[in-house]
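J.: Using only what follows, build the 3D model:
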Amino acid sequence: MAGRKLLVVCLLFLNTFLVLAYVTDSSIYPPPSDYLNPTLPGVGWPKRFRDPTFYRRKAGDEWIWRISDARNTPRVDGVPGNLTVIQHEYSTTNPFNLDESLLLLIHQAYFALHDGNGRFIRSLLQVCPTCAPRWSRTDPDVFYYVRGLQMYRYNALTDMHEPHGGPLPYDQLITRGEDDICFDGDHRVGFGRRGSEYFLYVFSISQAQVVSELSIGGSAAFANVDSAEIAPDDVVLVTYVANDQFANQLPAHGIWAYNLNLQPLQQVSTAGGHHDVGRDADGAPILVMSNAASYHALPGCANGIERVSIHSPANRTCLLSLNWTLAANVSLPDQPGWAFVSTYAPGDPIHGGLSRKEESSPWVRSTGGAGWLVETNSVHSGGKAMWSDNDASQAALVFYGTKVQWIAYKDASSGIAQVSVDGETSEVDLYSPSPQTQTVVYSRDGLPLGFHLFTIDVTASKNPESSGYKIWVDAIEDDTPWSAYSSEILQVRLDGGEVRRIAHHRSRSFNQYNYTPRASVSRSGLRLVFGTNWGLPSEAYTEYADVYMIRLSRR
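T.: Numbers count the residues shown, from 1 in each chain. Got it, this is the predicted structure:
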């Protein structure tokens, strides 16, 4: 009896321990307390930390550490100065080698080799950012990459590059950075141009040559191709830009499956979206994808992540539904059971406040050629503002929310702007006999929750007292909502039964691409890397990003 009681107590303790290992609810949690005023963590495993929001136990495996230091790493390609950005290639291209002892990262203009904990080993100047290096599935020291018209083999143990086969039979090789070596370890896909015709090809590593190709057509047809990869069972998937809105099984629309000879099998999805390929619990090949672009999303799965059977596309499961403010990347390990999803928000939502976009934000689109000029002055928000007196100039912001307001500088030489929200226009006079800084000159709220277009147009009108026509844009604010799963890295069960919230990646949309985390998990599912600018918005950090690693729980 005593033994049984002890067993029950142990099981209760274990169950509590496992429940507390991750946050698995769908509540809206604020970001870390220093989210808006961050300090970069130190570099390396000794500086490891746990996520302050989602880590819920006193001991365990879920450590996070920063593994690169771009802004203090000198460039070695002949360009003076330090790097701006270090990143891994993409969520679906595995940066880890076979036994997770080596790691490939892009040092802005070339790849570099790091060890499995992220420590730098050497620069690989021959391996360019578009060379698509892919780790062997049979030899932990080897990866293959393309340069010029040649496939190369690199051995990290000997630091030797050598041609793998002869030149490929094309005039140009093109990589899209989303494919990986297939699960059988022998094939990879790529694109080539011969004359004016474009092709998808399958390259055999064992034969060191192209073994099949599919004619795509001319440049217009190739522009409709987004990506290609090889799923388990040697199924080649091609994602097309065109959306099969009415589900008519249209060729070159959505995502299509082909065999290794590149003969069409079936349409897997009517629309493309961020995705990765892997195995289901029964070993069958699956696609885990964002359905944001689909007209045929599963009910109750708006802006969702779906698991789709590649052989039987009607077999679909909703794994997670996200707020429409969020986009997501997907990464799958070799082992079935889980997918890893990293969300990001182009609208840069702020928990409990308005999201401010400075005039230099990539989301504030300015047109009018040389009409807009930038003034650096500490009186402006972020130390800068832009102005124009050219009536061809416009600034625009697409935002998701219910409110927008314009922050501007006013003085005696300012003019009258035309402001529009979703086509409804009004005039704003920026004239002031004395300077007024960081002033809310226009505000509109009570809009229906959704996407809206806000524009500011310079006009040839002014107050009679004004000496000029200058229109100033210092910042624009909106109330893009902070939602559940905003800026998070998630571990999602493939049967839809559980979502584990692992960490805030803390990257904010101060540029159009480098800030996206693109979390990529190792083949074993025990290590994960992600990119982040850590929310550092200053001018010096505009394109900045570094790479962080998470050691995941074995549970």
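
J.: Could you give the separation between the terminal residues of stretch 380-388?
T.: By Cα to Cα, to the nearest Å, the extent of stretch 380-388 from end to end equals 16 Å.

J.: Quick check: mean pLDDT of that stretch?
T.: Taken as a whole, stretch 380-388 has a mean pLDDT of 95.

J.: So what touches that stretch?
T.: For stretch 380-388, contacts defined as Cβ atoms under 8 Å, 6 or more residues apart in numbering pick out 356, 358-360, 366, 368, 371-377, 395, 407-409, 437-438, 458, 470-475, 537, 539. C-betas here are computed from N, CA, C, even on glycine.

J.: Filter those residues down to the buried ones.
T.: Applying 16 or more other Cβ atoms under 10 Å to the contacts of stretch 380-388, the neighbour count classes 356, 358-360, 366, 371-372, 395, 407-409, 437, 458, 470-475, 537 as buried.

J.: So which of these are in helices?
T.: In helices, judged by DSSP state H, none of the buried ones among the contacts of stretch 380-388 are found.

J.: tell me the helices in the protein, going along the chain?
T.: Counting by DSSP H, the segments of the chain that form helices are 2-19, 219-223.

J.: weakest of those helices in terms of mean pLDDT?
T.: helix 2-19 - the lowest mean pLDDT of the helices of the chain, at a mean of 33.

J.: give me the low-pLDDT residue ranges for the stretch 301-450 of the chain?
T.: Scanning the stretch 301-450 of the chain for pLDDT under 70 picks out 369-370.

J.: tell me the domain boundaries of this structure?
T.: 39-122+500-555, 130-223, 355-478 (automatic domain parsing).

J.: need the strands for the stretch 1-150 of the chain, in chain order.
T.: All strands of the stretch 1-150 of the chain, identified by DSSP state E, counting those that start in this stretch, fall at 63-66, 102-106, 111-115, 120-124, 134-135, 142-147, 150-155.

J.: Which of those sits closest to residue 517?
T.: Among the strands of the stretch 1-150 of the chain, the nearest to residue 517 by Cβ to Cβ is strand 63-66 (12.3 Å).

J.: hang on, the earlier thing: please narrow the contacts of stretch 380-388 to those residing in strands.
T.: 356, 358, 366, 373-376, 395, 407-409, 437-438, 458, 471-473, 475 (DSSP state E).

J.: what separates residue 467 from residue 434, distance-wise?
T.: Taking Cβ to Cβ, to the nearest Å as the measure, residue 467 falls 13 Å from residue 434.

J.: So for the two, which residue has more residues nearby?
T.: Neighbours per residue (other Cβ atoms under 10 Å) separate residue 467 from residue 434, with residue 467 holding more: 13 against 7.

J.: I'd like to know how far the residue nearest to that one when sequence neighbours are not counted sits from residue 268.
T.: Distances taken as Cβ to Cβ, 6 or more residues apart in numbering put residue 413 closest to residue 467, at 4.7 Å, once the chain neighbours are dropped. With distances taken as Cβ to Cβ, residue 413 is found 60 Å from residue 268.

J.: Looking at those two now, which is surrounded by more residues?
T.: The neighbour count for residue 413 versus residue 268, taken as other Cβ under 10 Å, is higher for residue 268 (25 against 16).

J.: Return the residues in contact with the more buried one.
T.: Counted by Cβ under 8 Å, 6+ apart, residue 268 has contacts 237, 254-257, 287, 308, 310, 313.

J.: Can you tell me which of these is nearest residue 530?
T.: The closest of those to residue 530 turns out to be residue 287 (Cβ to Cβ; 21.6 Å).

J.: Just say which of the domains of the chain is most tucked in.
T.: domain 39-122+500-555 (a mean of 19; mean count of other Cβ atoms under 10 Å).

J.: So what's the gap between it and the chain middle?
T.: 13 Å (Cα atoms, centre = their mean, to the nearest Å).

J.: ok, residue 403 - contacts?
T.: 354, 443-447, 478-479.

J.: hmm, try it at 7 Å
T.: Counting by Cβ atoms under 7 Å, 6 or more residues apart in numbering, residue 403 touches 444-445, 447, 478-479.

J.: So which of the contacts of residue 268 sit within strands?
T.: 237, 255-257, 287, 308.

J.: ok, so of the contacts of residue 268, who is nearest residue 37?
T.: Minimum distance to residue 37 across the contacts of residue 268 is 40.4 Å, recorded for residue 287 (Cβ to Cβ).

J.: Kindly check the end-to-end length of stretch 311-329 for me.
T.: 23 Å.

J.: list the buried ones in that stretch?
T.: 313, 316-323, 325-329.

J.: nearest to residue 24, of those residues?
T.: Out of these, the member with the shortest distance to residue 24 (by Cβ to Cβ) is residue 320, at 11.8 Å.

J.: Bridge partners for the closest one, pull those for me.
T.: Under the criterion DSSP bridges, residue 320 forms beta bridges with residue 305.

J.: how far away is it from residue 326?
T.: Using Cβ to Cβ, one obtains 10 Å as the distance from residue 320 to residue 326.

J.: Could you list which residues are in contact with residue 473?
T.: Applying Cβ under 7 Å, 6+ apart, the residues contacting residue 473 are 359, 385-386, 395, 408, 456.

J.: If we use 10 Å, what do you get?
T.: Contacts for residue 473 (Cβ atoms under 10 Å, 6 or more residues apart in numbering) come out as 357-359, 364, 366, 372, 385-388, 393, 395, 397, 406-409, 417, 456, 458.

J.: any idea how far it lies from residue 348?
T.: 17 Å.

J.: circling back to that earlier point, for the domains of the chain, which one sits closest to residue 487?
T.: Closest of the domains of the chain to residue 487 is domain 39-122+500-555, at 5.6 Å (criterion: Cβ to Cβ).

J.: picking up where we left off before, which of the contacts of residue 268 sits closest to residue 182?
T.: residue 237 (10.9 Å).

J.: partners of that closest one in the sheet?
T.: residue 229, residue 257.

J.: who's in contact with it?
T.: 179, 189, 227-231, 255-258, 265, 268-269, 275, 277, 285, 287, 310.

J.: Now a ChimeraX select for only the buried ones of those.
T.: Those of these that count as buried under 16+ other Cβ under 10 Å are selected in ChimeraX with:
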select :179,189,227,228,229,230,231,255,256,257,258,268,269,275,277,285,287,310
